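A.B. asks: return a 3D structure for these sequence lines:
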Amino acid sequence: MQIRISWPAGNITATLEADTPTVQALAKALPLTSSAYTWGKEVYFDTGVTVSRETDALQVVEPGTVAFWTDGDALALPYGPTPISRGDECRLASPCNVLGSLDGDARVLATVRDGDPIRVELIDK
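C.D. replies: Next comes the predicted model:
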């Protein structure tokens, strides 16, 4: 499944690989519009979707991972270190459900500003 994430200065697509309860719940909520927040080199935003943490949730992920932060009902999109990272790792605030990865260079997320409107929609195949 592919999604497009858009904000005033740009957009990026992502491939959600896992057919998990979190991906299914997110897909049912799309399209959605939210307000972006930044935390170090991570963009996150509320989805209005509530799911449980999955058994394979991770706190340290690769840049460009599409993660679901169950503590905040939010998508978390890290593209570099966060304030709690050790070195250059992408350390999320707490373990998150991994949904897939961004297509292309995740550093385009550096153009997202706190409070930017952000939209997530399914891409029709």
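A.B. asks: so in terms of bridging, what pairs with the nearest residue to Phe45 once chain neighbours are set aside?
C.D. replies: Nearest residue to Phe45, sequence neighbours excluded (CB to CB, 6 or more residues apart in numbering): Ser34, at 4.1 Å. C-beta here means a position set from N, CA and C on the backbone, and glycine is covered the same way. With DSSP bridges applied, Ser34 shows beta-bridge pairing to Ile118.
A.B. asks: pretty sure Ser34 sits against Asp46.
C.D. replies: Yes: Ser34 is in contact with Asp46 according to CB atoms under 8 Å; the separation is 5.1 Å.
A.B. asks: with just CA atoms, put the strand ranked longest in the chain into PDB.
C.D. replies: Looking across the chain with DSSP state E, the single longest strand is strand 90-102. Output in PDB follows, covering the C-alpha atoms of strand 90-102 (Å, rounded to 0.1, in the frame of the first residue of the first chain):
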ATOM      1  CA  CYS A  90      16.900   7.700  15.000                       C
ATOM      2  CA  ARG A  91      15.600   7.100  18.500                       C
ATOM      3  CA  LEU A  92      11.800   7.500  18.900                       C
ATOM      4  CA  ALA A  93      10.200   8.700  22.100                       C
ATOM      5  CA  SER A  94       9.100   5.200  22.900                       C
ATOM      6  CA  PRO A  95       8.700   1.900  21.000                       C
ATOM      7  CA  CYS A  96       6.600   2.400  17.900                       C
ATOM      8  CA  ASN A  97       4.800   0.100  15.500                       C
ATOM      9  CA  VAL A  98       6.800   0.000  12.200                       C
ATOM     10  CA  LEU A  99       4.600   0.400   9.200                       C
ATOM     11  CA  GLY A 100       7.000   0.700   6.300                       C
ATOM     12  CA  SER A 101       9.400   3.300   4.800                       C
ATOM     13  CA  LEU A 102       9.400   6.600   3.000                       C
END
